[in-house]
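> okay, sequence plus prediction incoming.
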Amino acid sequence: MKWVLVNHAYFFPSMVTTPIQRLLEDIRLLSATNFEIVQAVRALAREVLGDVSEEVKYGGIVFSSPRAFGGVFAYKEHVTLELSRGADIDDALGWLEGAGKKRRHIKLTSLAQIAEKRLAEYLVLGRQATEKSD
């Protein structure tokens, strides 16, 4: 087996983890439900938007396509989909929360709420709102 150089140290490939993998493992250890919700939101973002990249930032997983437009964040009791320009969205469905200048979020406590709160539509709206702010 070949060694892999990571940050000036050598590891076996099976030992190498990305920041996203480490964050997901932490979430899984704290809450299996939150882990499942985070994974489902990530999968939905890829399914709906296609060209989404991810990075660990601000304690969660930030989505970009091509600019950062939001992300998924796990807390003790819930998960949120955060939309960077959520305040610019005409929220006809009424699921956005928050009162900041730009950011809004949708709180999730179960997998079923992903469909119930129509996250697919909000992901599209969130990316569009960021693109319009250029």
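Received it, and whenever you're ready, just let me know what you need.

> and the helix or strand hosting residue 131, C-alpha only, in PDB?
Assigned by DSSP states H and E, residue 131 belongs to helix 119-132. Output of helix 119-132 as PDB, limited to C-alpha atoms (Å, rounded to 0.1, in the frame of the first residue of the first chain):
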ATOM      1  CA  LEU A 119     -36.200  22.800   0.200                       C
ATOM      2  CA  ALA A 120     -35.600  22.000  -3.500                       C
ATOM      3  CA  GLU A 121     -37.400  25.200  -4.400                       C
ATOM      4  CA  TYR A 122     -35.500  27.200  -1.800                       C
ATOM      5  CA  LEU A 123     -32.100  25.900  -3.000                       C
ATOM      6  CA  VAL A 124     -32.900  27.200  -6.500                       C
ATOM      7  CA  LEU A 125     -34.200  30.500  -5.200                       C
ATOM      8  CA  GLY A 126     -31.200  30.900  -2.900                       C
ATOM      9  CA  ARG A 127     -28.800  30.500  -5.800                       C
ATOM     10  CA  GLN A 128     -30.800  32.800  -8.000                       C
ATOM     11  CA  ALA A 129     -30.900  35.500  -5.300                       C
ATOM     12  CA  THR A 130     -27.100  35.300  -5.000                       C
ATOM     13  CA  GLU A 131     -26.600  35.500  -8.800                       C
ATOM     14  CA  LYS A 132     -28.900  38.600  -9.000                       C
END
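
> measure how far that helix is from the centre of its chain, please.
Counting by CA atoms, centre = their mean, to the nearest Å, helix 119-132 is centred 13 Å from the centre of its parent chain.

> now stretch 94-104
The answer for stretch 94-104 is 16 Å, by CA atoms, centre = their mean.

> tell me the buried residues in that stretch?
For stretch 94-104, a neighbour-count test (16 or more other CB atoms under 10 Å) marks 95-96, 98, 104 as buried. For every residue, glycine as well, the C-beta is placed using N, CA and C.
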